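S.K.: just the structure for this:
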Amino acid sequence: MGQFLSIFINVVTPVFAVVLIGYIVGPWLRLEVRTLSKVSYYVFMPAFVFHIISEAQVQAVVLGQMTLYITTVYIACALLGFGVAKGLRRPPEVIAMYVLIAAFSNSGNFGLSLVKFRFGEAALVPATIYFMVLTVIGFTIGVAGASWARGGALRAVTSVFKTPSLLACLPAAFFSATNVEAPLFLSRIVGLLADAMIPVMLVTLGVQLAEVGRPQINRDVVAASAVRLLGGPILAAILAIPFGLMGLQRSTGILQASMPAAVLTVIIALEYGLVPGLVTTTVLFSTLASLVTLTVVLALA
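M.R.: The predicted structure follows:
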């Protein structure tokens, strides 16, 4: 019990406290979510990815193993969400909501900060790799899906790979693979921007949640949240066995699969007219419920 309390106070609480600050000061200072999101998306996040990946030393075989593992986990999560929704005999648009929530977790805002607090700086390398793979999966569901409806298959594929954080991986991979050090002035600029990513994204999340309003909890909200918060870590723990993952690669993978639903799912729901009110409520509910579930996962990981 002491371990759970220690993790809750020292690991989980600081992250939620920063989100709460954003939740409070957002309406008070009239902060614009769009501006905060854009600067995080186009500046801080690519800088963070470059900073971590460029200094990482990961073997190609291990990288491929991790990529296949987390992809399999999230495909399994999506199938679980589909199965649960079908079992509850939900209409097609609600079934799609279950799949979206199951396959799109908040591995950036929450995942990276919790991994850092729980496992230290060294764990940010595998956590960032998982984050990037999950970004591809998430944007494949969201950006590519919306783009397909608007402009066809080719535009859908290219839209995914124009994501700034993914583009930042290319030069970062060069420095990592060749052991060439980035120029000092560049590494310092990137380092300063990278340090700002996690706090800015957490505050942004709080501001976004403040705009949700009072949630209306129903069976679908609870069930979809359970798929994301419980199904994710269970599937990740089970699938880590056949993939032979150990240590930080295993622990960070399970933790990243335990995150609540991403706020970006709300944007996708609005784009599609996909029960946006239900998706928004599920994002808020899963975020609050993760206070408990993440504490348990962090203690067991």
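
S.K.: from Gly244, how far out is Tyr130?
M.R.: Distance, Tyr130 to Gly244, by C-beta to C-beta, to the nearest Å: 16 Å. Using the backbone N, CA and C atoms, a C-beta is placed for each residue, glycine as well.

S.K.: same question, Ala210
M.R.: In terms of C-beta to C-beta, Ala210 sits 43 Å off from Gly244.

S.K.: more neighbours: which of these two?
M.R.: A direct count of neighbours by other C-beta atoms under 10 Å for Ala210 and Gly244 places Ala210 higher, at 20 against 10.

S.K.: surely that one meets Gly26?
M.R.: Yes - between Ala210 and Gly26 there is a contact under C-beta atoms under 8 Å: 4.6 Å.

S.K.: low-confidence stretches in this protein?
M.R.: 1-2, 58, 138-161, 212-213, 215, 267-268, 270-273 (pLDDT under 70).

S.K.: for stretch 100-111, measure first residue to last.
M.R.: 18 Å (C-alpha to C-alpha, to the nearest Å).

S.K.: just give the number of residues close to the closest residue to Phe243 other than its chain neighbours.
M.R.: Distances taken as C-beta to C-beta, 6 or more residues apart in numbering place Tyr69 nearest to Phe243, at 4.4 Å, with adjacent residues excluded. A count of neighbours around Tyr69, defined by other C-beta under 10 Å, yields 23.

S.K.: then Thr281?
M.R.: 23.

S.K.: figure out the helix or strand that it lives in.
M.R.: Per DSSP states H and E: Thr281 is located in helix 276-300.

S.K.: what comes up buried for that helix?
M.R.: Residues 276, 278-287, 289-290, 293-298 are the ones in helix 276-300 that count as buried (16 or more other C-beta atoms under 10 Å).

S.K.: packing partners of it?
M.R.: helix 2-7, helix 92-103, helix 113-119, helix 184-210, helix 219-226, helix 247-256, helix 264-272 (3 or more C-beta pairs under 8 Å, 6 or more residues apart in numbering; DSSP states H and E).

S.K.: much appreciated, bye for now.
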